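Peer 1: below is the sequence, then the predicted model.
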Amino acid sequence: MVGTQVSARELFRAAYENRYTWTKGFPGYSADVTYTRNGEVFSGQIEISAELKPSVSGVTDEEAQKAIHGQIFEIAIHRIRRSFEDTHGKNTFDYGKTLEDGSVEILMGGKAEGDRYQLRDNEVSLVHRHIHGVVVTINTFSSHNTGEGYLSHRYDSVYHDPTTGEQKGGRSVFEDEYEKVGDYFILSRRHIATEGDQPSTEEFRFSNIKLLG
C-alpha cells in the first residue's frame, strides 16, 4: 500500500509540484483570439501582462468579450507558481481509497475540509473542491507532458450545490492544446462542449502569440 511508503501530504505535494507553471521571469504575452460560440465567430486581441493581468481588446460584443476575458483569467490563475506551503500549508491530508485504475484518493482536512483529490502517475486526475459557494468536480482524462511538468489535455467539469447535492448547469468537456513560445508553453486552443438543457459549443483559438518585452 502506497500509504506505508510515503505520507499522503508528500504524495500530494509531489503531484502539486509536477504541474506546469510559468517561472517568475515570465514576461507576459499577446495574441490574436478567435472565439466561436455555437457557430458565431468573434475576433480580437488578448494580453496577459508579466504581472499575469489579463486584458481583451477589439471585441465589441459584450458577452463574447466577457467569455474571452474569463478564459484568459483562468489561464493566468492556473499558470501562477505558488509554493506548496503557501497553497496547502493549512490543510491536512489523509489517504482514502485506491481505485481499480491505480488512482489514490487524498482526503483533505483543515482549511480545505471536505475537499478530495485523486492522484495517478504523479498527476492530479480528479479535483473535488468547495469554491465560491459551489462544489466543482473535475476529471482529467489525458495530459500533455512538457518535460517541465504536466498540463491537462482532456478533462470535464461539473458543478453541484454543496447543501443539496443538486447539479448546477450541464457537464462541460474541455480539450486544450498548447504551443511552445520561447521558453514557455502557452494555450493555443480550448474547445468546450457543454451538455444539458442548453447545450453549447465554444472554441477559443489563440494565434500570433508573442512574448512581451
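Peer 2: Ah, there it is.

Peer 1: hey, which helix is longest across the protein?
Peer 2: helix 62-79 (DSSP state H).

Peer 1: please name every helix or strand in contact with that one.
Peer 2: Here helix 62-79 touches strand 29-37, strand 40-48, strand 54-57, strand 200-211, going by 3 or more CB pairs under 8 Å, 6 or more residues apart in numbering; DSSP states H and E. All C-beta atoms are positioned from the backbone trio N, CA, C, and that covers glycine.

Peer 1: ranking those by burial, who's on top?
Peer 2: Across these, averaging neighbours per residue (mean count of other CB atoms under 10 Å) puts strand 29-37 on top, at a mean of 19.

Peer 1: name the strands paired with it and say parallel or antiparallel.
Peer 2: Here strand 29-37 is paired, per DSSP bridges, with strand 40-48 (antiparallel), strand 200-211 (antiparallel).

Peer 1: mind putting the helices and strands packed on helix 62-79 into TSV with mean pLDDT and distance to E63?
Peer 2: Converted to TSV, the helices and strands packed on helix 62-79 look like this (pLDDT from 0 to 100; distance: least, CB to CB, whole Å):
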stretch	mean pLDDT	distance to E63
strand 29-37	98	8
strand 40-48	97	9
strand 54-57	97	12
strand 200-211	97	11
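
Peer 1: figure out which of those is closest to A14.
Peer 2: Distance to A14, taken as CB to CB, is lowest for strand 40-48 among these, at 28.0 Å.

Peer 1: so how far is that closest one off the chain centroid?
Peer 2: 20 Å (CA atoms, centre = their mean, to the nearest Å).

Peer 1: ok, now stretch 70-87?
Peer 2: That offset, for stretch 70-87, works out to 9 Å (CA atoms, centre = their mean).

Peer 1: mind checking the end-to-end distance for it?
Peer 2: Using CA to CA, to the nearest Å, one end of stretch 70-87 lies 22 Å from the other.

Peer 1: make 846 the starting number, not 1.
Peer 2: Okay, using 846 as the starting number, the last item reads as stretch 915-932.

Peer 1: what does that stretch contact?
Peer 2: Stretch 915-932 is contacted from outside by 858, 861-862, 865-869, 871, 891, 893, 897-899, 901, 1032, 1035, 1049, using CB atoms under 8 Å, 6 or more residues apart in numbering.
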